[in-house]
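J.: I need the structure of the sequence given here:
(4 chains)
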Protein chains: 2
Amino acid sequence: MPPSTASPGPAPRSYAQLCGIATALDVIGDRWALLIVRELMFGPLRFGDMVEGLPGIGTNTLTVRLKQLESAEVVRRRLLPAPDRATVYELTAYGHELEPILMALGRWGTRSMGRLPVELASRSRWLVAGMLAFHDAEHRVATPTTWELRLTDGPFTVRAEGADVSIAAGPPDRADHRVTVEDGDLHLMLTGRLTPADAVATGASAVSDDDALPGLLTLFAFPAVPAA
Amino acid sequence: MPPSTASPGPAPRSYAQLCGIATALDVIGDRWALLIVRELMFGPLRFGDMVEGLPGIGTNTLTVRLKQLESAEVVRRRLLPAPDRATVYELTAYGHELEPILMALGRWGTRSMGRLPVELASRSRWLVAGMLAFHDAEHRVATPTTWELRLTDGPFTVRAEGADVSIAAGPPDRADHRVTVEDGDLHLMLTGRLTPADAVATGASAVSDDDALPGLLTLFAFPAVPAA
DNA sequence: CGGTATCCGCAAAGATACTG
DNA sequence: CAGTATCTTTGCGGATACCG
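T.: I've put the predicted structure just below:
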């Protein structure tokens, strides 16, 4: 038995390599860590919301991960101001810098989705992350446009300006268009397996105007889904 | 993306989420998996070389990971042809698509390297990965140029053409310049803490000609290292 | 040498009950 | 609601033994 290093507790497991990739994995390589970042991508969340968005995580594990990410300055814990007085978690600037990496990982992983087990959890936030990942950089809107997108788990704000698209959780202050649709039907439309016209005709989607849904869909270029 | 192997035994742990990011993490989220991809980035390796490049991994863990990555079509196992008859592991096309993600992760993680423990392992391949990650996209070479870069663990081939830089393990067939230097001294030069002139003057680096080292260094733009 | 298999010990993660 | 405490289970690292 080696001379017991009388330090406070065991050192957290590290690859201990002089390498940026290994260091990154020391920070966000543990199970659930990157999914926590994904959850926070569209805005601050409370502990309970995160449990909701990370099916299968134990509350103890979430507590530990949040502490680690906080001490690595990826996540910040903040107390909401006046009436709510709730505590929320949000990404720091450093944490936000993971977003393009997450989007690229999501595009890469999409091609392995055929292997997934049959029973899959689904959340509106994940679909929205996919939309950002497959946003069509070639497509430009003539004038800045805002959509209120009401999905299964709640409203999102989609804003297009030039070739840029941003999405945030919650409704916009003012929207040019509004679209209401279940996650699954939106996914069908994004992947070309359901036309906007059919979605509206069958009542799968409710829209504020006829341009709302086609205009929204043209912002994104999802890969074709191979026939099952 | 092969036909899902409906094998017996307990299903491997999966996030089971309808989300590209979670799916990606199902594939490359386990401990050591992305570092295996990093190791293979510069060419095929044998089992023993990988153990060498992944200090701390257990051989059993490496065996399991390689099998998982192989069945996910990230890594391919191949038998070397004629005289060697050794088996090597290499990235598939799908695996190679992780490289830009790895590079971005490496840049991101570099800023957390201050937190690392004192005793750090170091390998030439990791330094070379950092060079690729911080390759200066603004810099263009007038004519295609090849360097033989002899580092601590062996020779690498650096090739610049236009604004592109590629690096592979092993010596080039024909080199315009040759640089011999220990990893640590090259890192000092890349981060602006040692001048090429000093390195050559002190014998820390041996070069084929006076343009070799300056020309090589201008290809890369490492972030400044804050004074310790 | 290039793996694979097995056993052991520890640390991380899952499940769940409980508390401020 | 926001965690903490406790218990169980799984995964990983280390050593070693074995096989082509």
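
J.: low-confidence ranges in chain A?
T.: For chain A, the stretches with pLDDT under 70 are A:1-11, A:117, A:226-228.

J.: ok, now with 50
T.: Counting by pLDDT under 50, chain A contains low-confidence residues at A:1-9.

J.: what about the helices in it?
T.: A:20-28, A:33-40, A:47-53, A:59-71, A:93-96, A:99-110, A:124-133, A:183-190, A:196-201, A:212-217 (DSSP state H).

J.: which elements pack onto the fourth one?
T.: Read it as helix A:59-71. Judged by 3 or more CB pairs under 8 Å, 6 or more residues apart in numbering or on different chains; DSSP states H and E, helix A:59-71 is in contact with helix A:33-40, helix A:47-53, strand A:75-79. Glycine gets a C-beta too; all of them are placed from N, C-alpha and C.

J.: how far away is the residue nearest the centre of chain A from residue A:166?
T.: In chain A, the residue lying closest to the centroid (CA atoms, centre = their mean) is residue A:129, at 4.0 Å. In this view, residue A:129 and residue A:166 are 13 Å apart by CB to CB, to the nearest Å.

J.: walk me through the domains of chain A.
T.: A:20-112, A:124-217 (automatic domain parsing).

J.: spell out whether the longest one and chain B are in contact.
T.: Yes. For a cut-off given as CB under 8 Å from any CB of the partner chain, domain A:124-217 has contacts with chain B, namely A:126-127, A:129-130, A:133.

J.: so residue A:150 is in contact with residue A:179, correct?
T.: Yes. Here residue A:150 reaches residue A:179: they are 6.9 Å apart, a contact under CB atoms under 8 Å.

J.: more neighbours, those two?
T.: For residue A:150 versus residue A:179, neighbours defined as other CB atoms under 10 Å in any protein chain shown are more numerous around residue A:179 (27 against 18).

J.: for the more buried one, which residues are in contact?
T.: A:147-150, A:205-208, A:212-213, A:216 (CB atoms under 8 Å, 6 or more residues apart in numbering or on different chains).

J.: just residue A:187 next, same as before
T.: Residue A:187 makes contacts with residue A:127, as judged by CB under 8 Å, 6+ apart.

J.: circling back to that earlier point, most tightly surrounded among the helices of chain A?
T.: Highest mean neighbour count among the helices of chain A (mean count of other CB atoms under 10 Å in any protein chain shown): helix A:20-28, with a mean of 25.

J.: anything in that one near DNA strand D?
T.: No. Applying CB under 7 Å from any atom of the strand, one finds helix A:20-28 separated from DNA strand D by no less than 11.1 Å.

J.: the inter-axis angle of that helix versus helix A:99-110?
T.: 90 degrees (axes from the mean of the first three to the mean of the last three CA atoms, to 10 degrees).

J.: touching DNA strand C at all, helix A:20-28?
T.: No. Judged by CB under 7 Å from any atom of the strand, helix A:20-28 makes no contact with DNA strand C; its nearest approach is 11.3 Å.

J.: how far away is the residue nearest to residue A:72 when sequence neighbours are not counted from residue B:184?
T.: Using CB to CB, 6 or more residues apart in numbering or on different chains and skipping the chain neighbours, the partner closest in space to residue A:72 is residue A:27 (4.7 Å). According to CB to CB, residue A:27 and residue B:184 sit 24 Å apart.

J.: neighbours around residue A:118, how many?
T.: Residues lying near residue A:118 (other CB under 10 Å) number 5.

J.: quick check: beta-bridge partners of residue A:206?
T.: Residue A:206 has these beta-bridge partners by DSSP bridges: residue A:180.

J.: need the contact list for it.
T.: Residues in contact with residue A:206 (CB under 8 Å, 6+ apart) are A:179-181, A:200.

J.: could you single out the nearest of those to residue B:161?
T.: Using CB to CB, residue A:179 comes nearest to residue B:161 of the contacts of residue A:206, at 47.1 Å.

J.: now that closest one: how far from DNA strand D?
T.: Using CB to the nearest atom of the strand, to the nearest Å, one gets 27 Å for the distance from residue A:179 to DNA strand D.

J.: from chain B, how far out is that residue?
T.: Distance, residue A:179 to chain B, by CB to the nearest CB, to the nearest Å: 20 Å.

J.: got CSV for the contacts of residue A:179, with distance to residue A:137 too?
T.: As requested, the contacts of residue A:179 are exported to CSV (distance: CB to CB, whole Å):
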residue, distance to residue A:137
A:147, 18
A:148, 24
A:149, 20
A:150, 26
A:205, 26
A:206, 29
A:207, 25
A:208, 27
A:212, 22
A:213, 21
A:216, 16
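
J.: include distance to DNA strand C when you put those into TSV, please.
T.: What follows is these, written out as TSV (distance: CB to the nearest atom of the strand, whole Å):
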residue	distance to DNA strand C
A:147	35
A:148	34
A:149	31
A:150	31
A:205	35
A:206	37
A:207	39
A:208	41
A:212	40
A:213	38
A:216	35
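
J.: what's the closest of those to DNA strand D?
T.: The closest of the contacts of residue A:179 to DNA strand D turns out to be residue A:150 (CB to the nearest atom of the strand; 20.8 Å).

J.: residue contacts, that closest one?
T.: Applying CB under 8 Å, 6+ apart, the residues contacting residue A:150 are A:156, A:178-181.

J.: now with 10 Å, please.
T.: A:124, A:156, A:171, A:178-182, A:205-206 (CB atoms under 10 Å, 6 or more residues apart in numbering or on different chains).

J.: neighbour-wise, give me the winner out of those.
T.: Neighbour max across the contacts of residue A:150 (other CB under 10 Å) = residue A:179, 27 neighbours.

J.: can you pull the residues of chain A lying near DNA strand D?
T.: Residues of chain A lying near DNA strand D by CB under 7 Å from any atom of the strand: A:46-49, A:58-60, A:63, A:86-87.

J.: let's see it at 6 Å
T.: Residues of chain A found near DNA strand D, taking CB under 6 Å from any atom of the strand as the criterion, are A:46-48, A:59-60, A:63, A:86-87.

J.: farthest-separated two in those residues?
T.: Pairwise distances across the residues of chain A next to DNA strand D (CB to CB) peak at 20.5 Å, for the pair A:60 and A:86.
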